[in-house]
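Visitor: Kindly return the folded structure for what I paste below:
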Amino acid sequence: MAFHRIYVRGRWLFILLVVLMLAICKLPVMAEPQLTEDEQVNQILENSLSIVEIDKEIARIQAEKEKVAGDMSITDKRIAQREQEIKEKREEAGKVLRAYYMGEREILLRAILSFDSIHDLFAMLDYVDIIFSRDRNTLDSYTKEYKSLKEEYAKLDGRKTELEEIESRLQTQRSRVAQLEQQIDGQLAGRSDADRLRLLMQELTNYWESAGLEEVEQYFGALSKAMNKLPSWIENNKQYLEINGFNYTILIPEDALNTFLREQDKRFNDFSFRFEDGKVTASGKHDNMEIAVTGHYTVEEKPKNGIVFHVDELLFNGFALPDTTRKALEDKFDLGFYPGDILTFIQAKSVEMKDKELIVYLKMKL
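Guide: Numbering: from 1, shown residues only. Predicted coordinates:
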């Protein structure tokens, strides 16, 4: 009887759970917020601009791939030549070693000991020295060629690995372009203004490539030149350098940096820098082109100690450029700051941006 009651309760509990699950399934799902018409258009245009920029990266990687493949071909030919040379050196070295093993060189030693005059002794010594020097050169040449060949093999293996990595990057970027193209096709499908949007996409691309990119690069170039002069500026404005025993700290207010930059280049009259929450933000507008850059600094040791700027976001007239564009600008323009250019015996330890200040903590070189 007790078993029957337990069975009934379990059955009702099971039915209750099923009812609850069905009820939950029928609850309205929170839909993702729909983009407004302007947001949809901006997204389409932004994606089209990303395709153009990623295509540039694909072309760059393809050129890099072809260069590496060409280098590998040259290395292959050099290895084939070296293998032939080392084969000849191996045969010569074998003859030398066989001569020593078979005792042929002992005849020369006995000839030295059986001299009839001092003149004959010196003549024989010169002759023996020539033979032994030639033997030594033969063995040394073989060893050198063999070592060189091993280095060529190692170099070729390294190039093969590099080529595989390049191919992987190439496929990644091609996949990104394919996904963006598919996304754009899906966004344009069924729109009555699809042709108008395609025209806008082309106009945006033309504007970016004919004027926008050049404007961005001019700002980055001017900033790079200005950052090269920052160490000497700090030397002349020691109020921004705090010294406490062996601890050094550079504190640059954003207002002071903006003043410094505008003194270096008039382009920065329309630009302003802000330090907040661990980030650097620079933005401005010139000739109907609005540019905004957000990034951060990190301490790097190579190629030399300093704080290096990384571009986290780049906006052109409100459109975000892809990471490939940001990375290309980082590689082309050095926006770093190197404290060792102020005092040779100090180096950067850490960096932070807060309270409208860029703060660089320094330490003595060991």
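Visitor: Which parts of this structure are strands?
Guide: 241-244, 247-253, 271-276, 279-286, 289-300, 306-316, 319-320, 346-354, 357-364 (DSSP state E).
Visitor: Tell me the helices and strands packed up against the shortest one.
Guide: Meaning strand 319-320. Judged by 3 or more C-beta pairs under 8 Å, 6 or more residues apart in numbering; DSSP states H and E, strand 319-320 is in contact with helix 37-101. C-betas here are computed from N, CA, C, even on glycine.
Visitor: One more: the fifth one?
Guide: For strand 289-300, the packing partners by 3+ C-beta pairs under 8 Å, 6+ apart come out as helix 213-236, strand 279-286, strand 306-316, strand 346-354.
Visitor: how about a cut-off of 6 Å?
Guide: Packed against strand 289-300, as judged by 3 or more C-beta pairs under 6 Å, 6 or more residues apart in numbering; DSSP states H and E, are the following elements: strand 279-286, strand 306-316, strand 346-354.
Visitor: Output the contacting helices and strands for the last one.
Guide: If contacts are counted by 3+ C-beta pairs under 6 Å, 6+ apart, strand 346-354 sits against strand 289-300, strand 306-316, strand 357-364.
Visitor: angle of the second one against strand 357-364?
Guide: For the pair strand 306-316 and strand 357-364, the angle between their directions (axes from the mean of the first three to the mean of the last three C-alpha atoms, to 10 degrees) equals 160 degrees.
Visitor: any residues touching strand 306-316, and which ones?
Guide: Identification of contacts with strand 306-316 by C-beta atoms under 6 Å, 6 or more residues apart in numbering yields 212, 292-300, 321, 326, 330, 335-338, 348, 351.
Visitor: Make CSV out of the strands of the chain and add mean pLDDT and mean neighbour count.
Guide: Shown next, in CSV, are the strands of the chain (pLDDT from 0 to 100; neighbours: other C-beta atoms under 10 Å):
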stretch, mean pLDDT, mean neighbour count
strand 241-244, 88, 12
strand 247-253, 91, 18
strand 271-276, 91, 18
strand 279-286, 92, 16
strand 289-300, 94, 18
strand 306-316, 95, 18
strand 319-320, 94, 18
strand 346-354, 91, 18
strand 357-364, 91, 18
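Visitor: For T36, which of these is the nearest?
Guide: T36 lies closest to strand 319-320 among those, at 16.3 Å (C-beta to C-beta).
Visitor: ok, the closest one: who's next to it in the sheet?
Guide: Sheet pairing of strand 319-320 (DSSP bridges) gives strand 306-316 (antiparallel).
Visitor: that older thread, closest one to N244 among the helices and strands packed on strand 289-300?
Guide: Taking the helices and strands packed on strand 289-300 one by one with C-beta to C-beta, strand 346-354 is closest: 13.0 Å.
Visitor: That closest one vs strand 279-286, what angle?
Guide: 70 degrees.
Visitor: can you offset everything so residue one is 53?
Guide: OK, 53 is where the count begins now, so the last one is strand 398-406.
Visitor: could you give the angle of strand 398-406 to strand 323-328?
Guide: Going by the same axes, to 10 degrees, strand 398-406 makes 90 degrees with strand 323-328.
Visitor: Only the C-alpha atoms, please, for strand 398-406, written as CSV.
Guide: These are the backbone C-alpha positions of strand 398-406, laid out as CSV (Å, rounded to 0.1, in the frame of the first residue of the first chain):
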residue,chain,number,x,y,z
ILE,A,398,66.3,54.6,-16.4
GLN,A,399,63.7,52.5,-18.1
ALA,A,400,59.9,52.1,-18.1
LYS,A,401,58.4,49.9,-15.5
SER,A,402,54.7,50.4,-15.9
VAL,A,403,52.2,52.8,-17.4
GLU,A,404,48.6,53.9,-16.7
MET,A,405,46.1,56.5,-17.8
LYS,A,406,43.8,58.0,-15.2
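Visitor: Which strands border it, and is each parallel or antiparallel?
Guide: Short version: by DSSP bridges, strand 398-406 pairs with strand 409-416 (antiparallel).
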